[in-house]
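J.: Quick one, fold the following:
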Amino acid sequence: KFHMAYMANLELLFAPLANYMVRNLEVLFGGSDQRIASFILWHLIEEFEHRSVAIKVYDHLFDDHRYRLKCEYAMIKHLWSDVGKIVREGLLEHVPASHNSISHVKTASIFKGTRGRLSFLMHCLDTLLPNHDPNAIEPPEWIQQWLRDDEQGVDMARYYPPQPLESPAPAISEISA
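T.: Okay, the predicted model is just below:
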């Protein structure tokens, strides 16, 4: 029951996260390696597409909104503390600053501005409501365009940013430890 509640809570956050990231594409991915940016965006869109699966299964099996809410803190703590730490340490260890085309200061700027943060927070809080329907959230136009382009056979491996780096970062195997 805990693991289903964890996954339901996590998947419900993908729609607000996708919307927020799409509004900040240039800051997050502009000037980055197309291969990496496109892979991350593909994964985000894939998560957006099945944003309602886990909550449907959880509600069918347990239909216990109060328990799901109780599990929210454990999920956030696990992601922020444990998983976040692994990601941060891994990036620092395996992606030298000289190969990181996007500064941490620039990335942190997506959290500036009251309106954007409040909107993101409100959409995240909406996911806690008992009758929240993630399918009622329309995908942003950028995601809809991605899906149309993918359906048309566009090379999604190098989709974003539109202009490739002049000298893309070397493959991980090329970076000396």
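
J.: hey, let's count contacts and neighbours off CA atoms from now on
T.: Fine.

J.: so what's the residue nearest in space to the middle of the chain scoring on pLDDT?
T.: Nearest to the mean C-alpha position of the chain, by CA atoms, centre = their mean, lies L44 at 4.9 Å. Note on L44: pLDDT of 92.

J.: Tell me where the model's unsure across this protein.
T.: Applying pLDDT under 70 to the chain flags the ranges 96-111, 164-177.

J.: got the buried residues for the longest helix along it?
T.: Assignment by DSSP state H gives helix 34-49 as the longest helix of the chain. Of all the residues in helix 34-49, those buried under the rule 16 or more other CA atoms under 10 Å are 34-39, 41-42, 44-45, 47-49.

J.: And for the next helix-or-strand element following it, what's in contact with it?
T.: Downstream of helix 34-49, the first helix or strand assigned by DSSP states H and E is helix 53-61. If you take CA atoms under 8 Å, 6 or more residues apart in numbering as the criterion, helix 53-61 is touched by K1, M4, A5, M7, A8, N9, E11, L12.

J.: Now do the contacts for the first one.
T.: Contacts for K1 (CA under 8 Å, 6+ apart) come out as Y58, F62.

J.: how many neighbours does L128 have?
T.: Neighbour count of L128, defined by other CA atoms under 10 Å: 17.

J.: scratch that, H123
T.: Other residues near H123 come to 19 when the count uses other CA under 10 Å.

J.: Pop out the phi and psi values for it.
T.: Backbone geometry at H123, expressed as degrees, to the nearest 10, gives phi -70, psi -40.

J.: Which residue, other than its chain neighbours, is closest to it?
T.: Spatial nearest neighbour of H123, chain neighbours left out: P16 (5.6 Å); criterion: CA to CA, 6 or more residues apart in numbering.

J.: With that, I have no additional questions.
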